[in-house]
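Student: just the structure for this:
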Amino acid sequence: MATLLAALAGGLARLHWRFPLLTGSWITYHGPLMAGGFLGTVICLERAVAVGRRSAYLVALLAGGGGLALLVGLPREAGATAMALAAAGLVTLYATLWVRQPTPHTATMGAGAACWLAGNLLWLAGWEVAEVVAWWLAFLVLTIAGERLELSRFRPPGRLGERLFVVAAALFFAGTLLTAVAPEVGWHLLGAGEVALAAWLGRYDLARHTVRQHGLVRFVAICLLSGYAWLAAGGCFTLVVGAPAGGDLVYDLLLHPVFLGFVMAMIFGHAPIIFPAILGRPLPFSPRFYLPLALLHLSLVARIAGDLSGFLPARAWGGLVNGVAILLFLLSTGAAAVAGARPRP
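Tutor: Presented below is the predicted three-dimensional model:
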């Protein structure tokens, strides 16, 4: 949570908002704090719960420690080293799972962890964030896609569907690899892979069917489907533009539909399921969860419109409300967790 708040503050500072206690490291390391310090820790923690070994929690501790190192202003090498070790540990966890159950979804999530490791090692070697951000993006996209593929066993996509997933994931992975040696070609290919994965998820994911239900199940489905739309949008922008080398507006346009629209929508949808497993207490669903989700998407539309038009106030205010939406979701989730912990009369 500390790295998330610091990442949000640093990201908003890049949009020319200023906050008390804001430090230069939060601005400089906005991307690593969010992708590694927060999201990396959450994913490692989720895997540790799934594996069920105490030693697996050390992986999450390393990821969180790396984020905290950046947060307090330690040298980049300290945070990058801890995150690289966390990524190596996560790869090891997936290798263990692969030995137990060699499945396409395990391979997909393992490939995502390997991308995180490669990105962290390149960043540790001195590459700039803009040069390695594709690897961090691939970590998140492949992890989420692999998790959704795993859940498709309840409604199998069939042989054709499985083959189409492999093609889409391979296209995306190949684009990620090429960003390191031929950035322009790699980013175009990566964008095509994002579109292909979004199309597969929109066609084969369980959310297409569960969205017709009610309560938490429907909320999760809406989060997922809206996230897939943003993944497709980000892919289309990337496919057309290529490498994010045209300044802040282009960088924002290509990355935040995925990091905010796709990844955060996934977190909003999975939090009511994952948090009870981690915290060991129920998290009652409330219709108020829809408010931060709606704010997230509407403000992101305004932000992207500002990027496309060059109208900076729309971009700045859209970014500010993005942060408000995330904070509101945290407050709603926290309130639900407290309510779930109260003994019933």
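
Student: give me the helix or strand of this structure that scores worst on average pLDDT.
Tutor: helix 265-279 (a mean of 80; mean pLDDT, DSSP states H and E).

Student: for that one, which outside residues touch it?
Tutor: 39, 42, 45-46, 49, 144, 216, 219-224, 226-227, 230, 282-283, 285, 289, 292-293, 296-297, 329, 333, 336-337, 340 (CB atoms under 8 Å, 6 or more residues apart in numbering). For the C-beta atoms, the positions are set from N, CA and C on the backbone; glycine is no exception.

Student: Produce a PyMOL select command limited to the buried residues of these.
Tutor: Of the contacts of helix 265-279, the buried ones go into a single PyMOL selection, burial set by 16 or more other CB atoms under 10 Å:
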select buried, resi 39+42+45+46+144+216+219+220+221+222+223+224+226+227+230+283+285+289+292+293+296+297+329+333+336+337
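
Student: keep only those of the contacts of helix 265-279 that are in helices.
Tutor: 42, 45-46, 49, 144, 216, 219-224, 226-227, 230, 292-293, 296-297, 329, 333, 336-337, 340 (DSSP state H).

Student: and L22, how far from V195?
Tutor: To V195, L22 is 36 Å away according to CB to CB, to the nearest Å.

Student: neighbour count: those two, which is higher?
Tutor: Taking neighbours as other CB atoms under 10 Å, L22 and V195 compare with V195 leading, 21 against 15.

Student: ok, that one touching F237?
Tutor: No - look at V195 against F237 with CB atoms under 8 Å: they stay out of range, at 10.1 Å.

Student: which SS class is G319?
Tutor: helix (DSSP: H, G, I helix; E, B strand; the rest coil).

Student: flag every buried residue along the strand or helix carrying G112.
Tutor: Applying DSSP states H and E as the criterion places G112 in helix 104-124. Applying a neighbour-count criterion of 16+ other CB under 10 Å, one finds 105-124 buried in helix 104-124.

Student: what do you get for stretch 165-178?
Tutor: 165, 168-169, 171-173, 175-178.

Student: just the residues contacting it, thanks.
Tutor: By CB under 8 Å, 6+ apart, the list of residues contacting stretch 165-178 reads 104, 108, 111, 115, 134-135, 137-138, 141-142, 145, 149, 157, 185-194, 196-197, 199-200, 204.

Student: stretch 244-253 now?
Tutor: If you take CB under 8 Å, 6+ apart as the criterion, stretch 244-253 is touched by 14, 130, 133, 183, 187, 237-238, 241, 254-255, 303-304, 307-308, 310, 315.

Student: and the nearest residue in space to A198 that is not next to it in sequence, how many residues sit next to it?
Tutor: Distances taken as CB to CB, 6 or more residues apart in numbering place A232 nearest to A198, at 3.7 Å, with adjacent residues excluded. Applying other CB under 10 Å, we find 22 other residues in the vicinity of A232.

Student: adjust the sequence numbering to begin at 26 for everything that follows.
Tutor: Fine by me, first position is 26 from now on; the one you just mentioned is A257.

Student: would you list the phi and psi of A257?
Tutor: Dihedral angles of A257 (phi, psi; degrees, to the nearest 10) stand at phi -60, psi -40.

Student: buried ones in the helix or strand containing L333?
Tutor: According to DSSP H and E, L333 maps onto helix 315-334. With burial defined by 16+ other CB under 10 Å, the residues of helix 315-334 counted as buried are 317-318, 320-322, 324-329, 331-332.

Student: what's the answer for stretch 66-80, then?
Tutor: Taking 16+ other CB under 10 Å as the criterion, stretch 66-80 shows 66-73, 76 as buried.

Student: contacts for that stretch, please.
Tutor: Against stretch 66-80 from outside (CB under 8 Å, 6+ apart): 28, 81-82, 84-85, 87-89, 92, 111, 114-115, 118-119, 121-122, 165, 168, 292, 299, 302-303.

Student: alpha carbons only: can I get that stretch in PDB?
Tutor: Presented in PDB, the C-alpha positions along stretch 66-80 are these (Å, rounded to 0.1, in the frame of the first residue of the first chain):
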ATOM      1  CA  THR A  66       4.300  -7.800  -4.500                       C
ATOM      2  CA  VAL A  67       0.600  -8.500  -5.000                       C
ATOM      3  CA  ILE A  68       1.200 -11.100  -7.700                       C
ATOM      4  CA  CYS A  69       4.000 -12.800  -5.600                       C
ATOM      5  CA  LEU A  70       1.800 -12.800  -2.600                       C
ATOM      6  CA  GLU A  71      -1.000 -14.400  -4.500                       C
ATOM      7  CA  ARG A  72       1.300 -17.100  -5.800                       C
ATOM      8  CA  ALA A  73       2.700 -17.700  -2.300                       C
ATOM      9  CA  VAL A  74      -0.900 -18.300  -1.100                       C
ATOM     10  CA  ALA A  75      -1.400 -20.700  -4.000                       C
ATOM     11  CA  VAL A  76       1.800 -22.600  -3.400                       C
ATOM     12  CA  GLY A  77       1.200 -22.800   0.300                       C
ATOM     13  CA  ARG A  78       4.800 -22.800   1.500                       C
ATOM     14  CA  ARG A  79       6.300 -20.300   4.000                       C
ATOM     15  CA  SER A  80       9.400 -19.900   1.900                       C
END
